[in-house]
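S.K.: predicted model follows, preceded by the sequence.
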Amino acid sequence: MRGKFHGIAAAVSGILFLACRQNAPDPLAAGEAEGIQGIQIATDAYVAYQHSDCETVYRLTQPDLIDVMQETELRFSLRLARGFCQELDGDQPAARITYRRVIEERASSFAAADARERLRTLDLQADDPGFLRRVEEAAQRATRPNAPREPSVRTAALYPPLARAAAVEGFAVIEYGVGRDGKTVDPIIVASDPPFIFEGTALRAVREWVYKTQRNADPEARQAIRIVFRSTLDPVTIEQPEPSLTPIIAPPP
């Protein structure tokens with residue numbers, strides 16, 4: 001009798017075990033679903049930002065939603081988009097906090113590199129009373145014909161990963177000088193669309209460019225280029241920007 005009881009108990013335990021396995025969530029499937037949802041949220045946020053819809057960006061990038069995401073470029077770039085909107089809305093203190101958070105989370109990420117560029121620009125605006133005037137003057141110079149020097153090293157700008165995934169396209173126009181040693185000097189963003197997204201990667205690329213030395217080069221001469229980002233192509237550099245540029249500058253706090 002006891003043996004029969006043990007047999008029934010074993011059978012019931014086996015059925016319960018199988019039932020639990022069938023009803024238990026699959027961690028791998030749950031992780032994949034979470035990843036797909038995160039990609040959709042990130043794509044929606046960047047498309048909204050492209051259309052100047054910061055209200056939607058704020059809704060999709062609430063800190064409590066971002067904090068539970070895995071620490072990947074997707075998470076960092078989502079937080080970065082929130083900082084962009086805060087800066088455009090004139091809330092520079094909040095933008096600074098957001099940018100620093102991106103850097104603290106993963107200093108080596110693409111988003112962190114862009115966050116450092118924004119903090120650098122905000123510091124220039126705060127510390128240099130003539131910074132905005134310099135940007136306006138650079139934008140005016142960028143519309144004039146120039147005779148660019150011949151490059152010897154021209155590092156390609158990298159497409160921001162989340163912008164490319166969301167098929168966000170645009171451009172950045174950079175005005176800069178070239179020293180006698182061929183290195184670029186004081187690159188300045190004079191126009192971009194959408195604001196901020198392509199500025200950091202464009203600046204980092206131009207800082208690494210080297211031109212052939214030219215003995216009689218004018219050390220005061222400046223030139224400008226436009227880097228165009230198309231989601232199906234590598235970024236393209238255009239030597240002469242269009243004749244009309246309007247600098248995109250966030251309002252002061």
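M.R.: Noted; the coordinates are in hand.

S.K.: in the stretch 151-253 of the chain, which spans are helices?
M.R.: For the stretch 151-253 of the chain, applying DSSP state H, counting those that start in this stretch gives helices covering 161-165, 199-207.

S.K.: who does the longest one touch, helix- and strand-wise?
M.R.: Applying 3 or more C-beta pairs under 8 Å, 6 or more residues apart in numbering; DSSP states H and E, one finds that helix 199-207 contacts helix 110-127, strand 170-178, strand 184-193, strand 222-229. Glycine gets a C-beta too; all of them are placed from N, C-alpha and C.

S.K.: ok, back up a step: tell me which of the helices of the stretch 151-253 of the chain is the most buried.
M.R.: Of all the helices of the stretch 151-253 of the chain, helix 199-207 has the most neighbours on average by mean count of other C-beta atoms under 10 Å, namely a mean of 22.

S.K.: distance between that one and the chain's centre?
M.R.: 12 Å (C-alpha atoms, centre = their mean, to the nearest Å).

S.K.: now that helix and strand 184-193, what's the angle there?
M.R.: In terms of direction (axes from the mean of the first three to the mean of the last three C-alpha atoms, to 10 degrees), helix 199-207 departs from strand 184-193 by 150 degrees.

S.K.: could you check the angle helix 199-207 makes with strand 222-229?
M.R.: 130 degrees.

S.K.: does residue 101 touch residue 78 like I think?
M.R.: No - the criterion here is C-beta atoms under 8 Å, and residue 101 misses it with residue 78 at 11.5 Å.

S.K.: mind checking how far the nearest residue to residue 74 once chain neighbours are set aside is from residue 73?
M.R.: Closest residue to residue 74 apart from its sequence neighbours, by C-beta to C-beta, 6 or more residues apart in numbering: residue 42 at 5.1 Å. In this view, residue 42 and residue 73 are 9 Å apart by C-beta to C-beta, to the nearest Å.

S.K.: of those two, who's got more company?
M.R.: residue 42 (24 against 18; other C-beta atoms under 10 Å).

S.K.: need the contact list for the more buried one.
M.R.: Contact partners of residue 42, counting by C-beta atoms under 8 Å, 6 or more residues apart in numbering, are 74, 77-78, 162, 165-166.

S.K.: closest one of the residues you listed to residue 120?
M.R.: residue 77 (18.6 Å; C-beta to C-beta).

S.K.: tell me who's in contact with that closest one.
M.R.: Here residue 77 is in contact with 42, 46, 110-111, 160-162 (criterion: C-beta under 8 Å, 6+ apart).

S.K.: try 6 Å this time
M.R.: 111, 162 (C-beta atoms under 6 Å, 6 or more residues apart in numbering).

S.K.: tell me the angle the helix or strand where it lies makes with helix 199-207.
M.R.: Element membership for residue 77 (DSSP states H and E) is helix 73-88. Per the same axes, to 10 degrees, the angle that helix 73-88 makes with helix 199-207 is 100 degrees.

S.K.: in the stretch 51-200 of the chain, where is pLDDT below threshold?
M.R.: 147 (pLDDT under 70).

S.K.: quick one: contacts for residue 209?
M.R.: Here residue 209 is in contact with 154, 184 (C-beta under 6 Å, 6+ apart).

S.K.: so between residue 101 and residue 78, which is more surrounded?
M.R.: residue 78 (24 against 19).

S.K.: quick one: contacts for the more buried one?
M.R.: Contacts of residue 78 by C-beta under 6 Å, 6+ apart are 42, 45, 61, 66.

S.K.: roughly how far apart are it and residue 218?
M.R.: Residue 78 is 45 Å from residue 218, by C-beta to C-beta.
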